[in-house]
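Trainee: Next input, structure requested:
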Amino acid sequence: MKLKILFLLPAVILLFSCNKDEISEKQADTFIKFFTDGDMMITGADIKQASDGGYVMLGTGTYNEGSSKEGTSDIYLAKTDKFGQAESWSPVMIGGEFDEVGNRLEILDDGYLIFGNSDDSGDGNFDMYLVKTNFQGSVTWEQTYGNNLNNNGSDVKVLDNGGFVLAGYYTRTYIDPVSFEEKTTIDPLILETDASGVQVGVDYNAGEDQFHEIPIAVLPTASGYLVIGKKVDVATNESDLWMLLLPNLGYASPILNVPVADGRDAYGVDLCITDDDRIFFLANREQASGGRLEAIVGEVDVSTLRVTQTFEPFFIKTESTASMVVNDLKYSPDNSLVITGGKSIAGSSDMLFLKLDLSGAEMQRHFFGESGSQTGNAICCTSDLGYIIVGTNAFEGVLSMIALVKTGPDGTLN
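Mentor: The predicted structure is shown next:
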């Protein structure tokens, strides 16, 4: 399948020549690129920088009306050079007869690791899906996890032993003690695998009948696996920012199960760890007035966590007339925190770059976007001390493409 690269915004550095010798090295510093295909709607989910300086993008492509796979989705994997130009093998679509979704990407010594969801039976019930490819996107092995109901894969991290920790959630049925009716709830599912994706040991899968507990991200720490997500009261549909700390071995019981909010809806998004082992979290929370969302950044000390801890003070970041929706958090080598997401107002959004020092003070805030809606879904620190953001550029439900933004150290295109 041919990859089409569109240059839609005036800030884009246009690379007209196919001869890389004619491209200035300066053109790798900043750019905006879009990746699309006429057969599908594509969304960007994750990005990593490869050892050669290029970029590996993960997303999901949903096939348009008239396609032989109309209405189904496949995992979208693409690789560019450092200028944002697609490599000859790129992109590849990974999937079967029905639906596959790509959520998280890791680069290994011998290929790429992709984590997401797969509906290999076509019944609408997904499994957590882990797939390993070589450096040209050819699948070398794949594994699925979960029960016979719906399962979703949220996050994966590579462990020091070469294996992986997976965080996701699954649907479980139970009998309501009052009505005696069969109902469903959502519980967390955290498990370890070996280097081939084969589960080792037991998993953590405990939950409460009246609450959905939904992990979004997992972080290995010296005290165990720290998980962040949301806890939803089934009766009221109200959500709290939710964290869970599990020991490294056995998953015998959670050490921590803490809702973190002040009565407003909130949900956890991501975690990161600094060079000196400080841990920060990222979340979205409903503003006190106006119904818009605001971003919350805070620090967690896993060695002294208590059920009553409130994680005050938060670092709260807002837009006065818009929702600020944050999706990804990274620790930057210059001892700062970088965040991407979007500023949403009146049905459209602009991609967000936000940079904070470790005290929460704002260093940079920039937005990218013109027509349509642009949202940043993942950010990566680059070897030239800049940043690369992957996200989605959508136009009124009729077109969706991957947006790739490379910035300098200050988060701008200058």
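
Trainee: In the stretch 201-350 of the chain, what residue spans correspond to strands?
Mentor: Per DSSP state E, counting those that start in this stretch, the stretch 201-350 of the chain carries strands over the ranges 211-221, 224-233, 239-246, 256-260, 266-273, 279-286, 293-300, 315-317, 323-332, 336-345, 348-357.

Trainee: after the last one comes which helix or strand?
Mentor: Yep, that's strand 348-357 we're talking about. Counting by DSSP states H and E, the element after strand 348-357 in chain order, helix or strand, is strand 362-368.

Trainee: Check which helices and strands that next one sits against.
Mentor: Applying 3 or more C-beta pairs under 8 Å, 6 or more residues apart in numbering; DSSP states H and E, we find strand 362-368 packed against strand 348-357, strand 399-407. C-betas here are computed from N, CA, C, even on glycine.

Trainee: what's the closest of the strands of the stretch 201-350 of the chain to Leu77?
Mentor: Proximity to Leu77 (C-beta to C-beta) singles out strand 323-332 among these, at 18.5 Å.

Trainee: Export that closest one to CSV, keeping only CA atoms.
Mentor: What follows is the C-alpha trace of strand 323-332 in CSV, where atoms were taken according to Å, rounded to 0.1, in the frame of the first residue of the first chain:
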residue,chain,number,x,y,z
SER,A,323,-10.9,22.2,27.6
MET,A,324,-7.3,21.2,28.0
VAL,A,325,-7.2,17.4,27.5
VAL,A,326,-3.8,15.8,28.2
ASN,A,327,-2.8,12.4,26.9
ASP,A,328,0.9,11.7,27.4
LEU,A,329,3.7,12.6,29.9
LYS,A,330,7.5,12.2,29.5
TYR,A,331,10.5,13.1,31.6
SER,A,332,12.9,15.1,29.4
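
Trainee: what's the model's confidence in it, averaged?
Mentor: The average pLDDT within strand 323-332 is 96.

Trainee: Kindly report the same for stretch 188-201.
Mentor: Taken as a whole, stretch 188-201 has a mean pLDDT of 94.

Trainee: could you give me the average pLDDT of stretch 357-370?
Mentor: pLDDT averaged over stretch 357-370 gives 92.

Trainee: Pull out the buried residues from the one helix or strand Ala394 maps to.
Mentor: Counting by DSSP H and E, the element that carries Ala394 is strand 387-395. The neighbour-count check on strand 387-395 (16 or more other C-beta atoms under 10 Å) flags 387-394 as buried.

Trainee: Check which helices and strands it is in contact with.
Mentor: Packed next to strand 387-395, using 3+ C-beta pairs under 8 Å, 6+ apart, are strand 40-49, strand 55-63, strand 336-345, strand 348-357, strand 373-381, strand 399-407.

Trainee: Not counting the fifth one itself, show me its contacts.
Mentor: Spelled out, it's strand 373-381. Residues from elsewhere that reach strand 373-381 (C-beta atoms under 8 Å, 6 or more residues apart in numbering): 43-49, 55, 325, 327-328, 330, 332-333, 338-342, 344, 347-353, 368, 387-395, 403, 405.

Trainee: follow-up on the earlier one: dump the strands of the stretch 201-350 of the chain to JSON lines, plus distance to Thr62.
Mentor: As requested, these are exported to JSON lines (distance: least, C-beta to C-beta, whole Å):
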{"stretch": "strand 211-221", "distance to Thr62": "22"}
{"stretch": "strand 224-233", "distance to Thr62": "25"}
{"stretch": "strand 239-246", "distance to Thr62": "27"}
{"stretch": "strand 256-260", "distance to Thr62": "34"}
{"stretch": "strand 266-273", "distance to Thr62": "23"}
{"stretch": "strand 279-286", "distance to Thr62": "25"}
{"stretch": "strand 293-300", "distance to Thr62": "25"}
{"stretch": "strand 315-317", "distance to Thr62": "32"}
{"stretch": "strand 323-332", "distance to Thr62": "19"}
{"stretch": "strand 336-345", "distance to Thr62": "20"}
{"stretch": "strand 348-357", "distance to Thr62": "19"}
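
Trainee: Phe368 against Val405, yeah?
Mentor: Yes: Phe368 is within contact range of Val405, at 5.5 Å (criterion: C-beta atoms under 8 Å).

Trainee: Give the residues shared as contacts by these two.
Mentor: Common contact partners of Phe368 and Val405 (C-beta under 8 Å, 6+ apart): 32, 351, 353, 389, 413.

Trainee: Report how many residues lie close to the third one.
Mentor: If I follow you right, that is Phe353. By the criterion of other C-beta atoms under 10 Å, Phe353 has 22 neighbours.

Trainee: Mind checking what secondary structure the closest residue to Thr30 other than its chain neighbours has?
Mentor: Nearest-residue entry for Thr30: Leu413, 4.4 Å, with adjacent residues in sequence omitted and distances by C-beta to C-beta, 6 or more residues apart in numbering. Three-state assignment for Leu413 (DSSP: H, G, I helix; E, B strand; the rest coil): coil.

Trainee: How much space separates Leu413 from Cys381?
Mentor: Taking C-beta to C-beta, to the nearest Å as the measure, Leu413 falls 17 Å from Cys381.

Trainee: Please list the residues outside stretch 217-226 that contact it.
Mentor: The set of residues external to stretch 217-226 that reach it, using C-beta under 8 Å, 6+ apart, is 154-157, 159, 165-167, 190, 227-229, 243-248, 255, 268-273, 277, 279, 300, 302-303.

Trainee: Just the buried residues of the contacts of strand 373-381.
Mentor: Counted by 16+ other C-beta under 10 Å, the contacts of strand 373-381 give 43-49, 55, 325, 327-328, 330, 332, 338-342, 344, 348-353, 368, 387-394, 403, 405 as buried.
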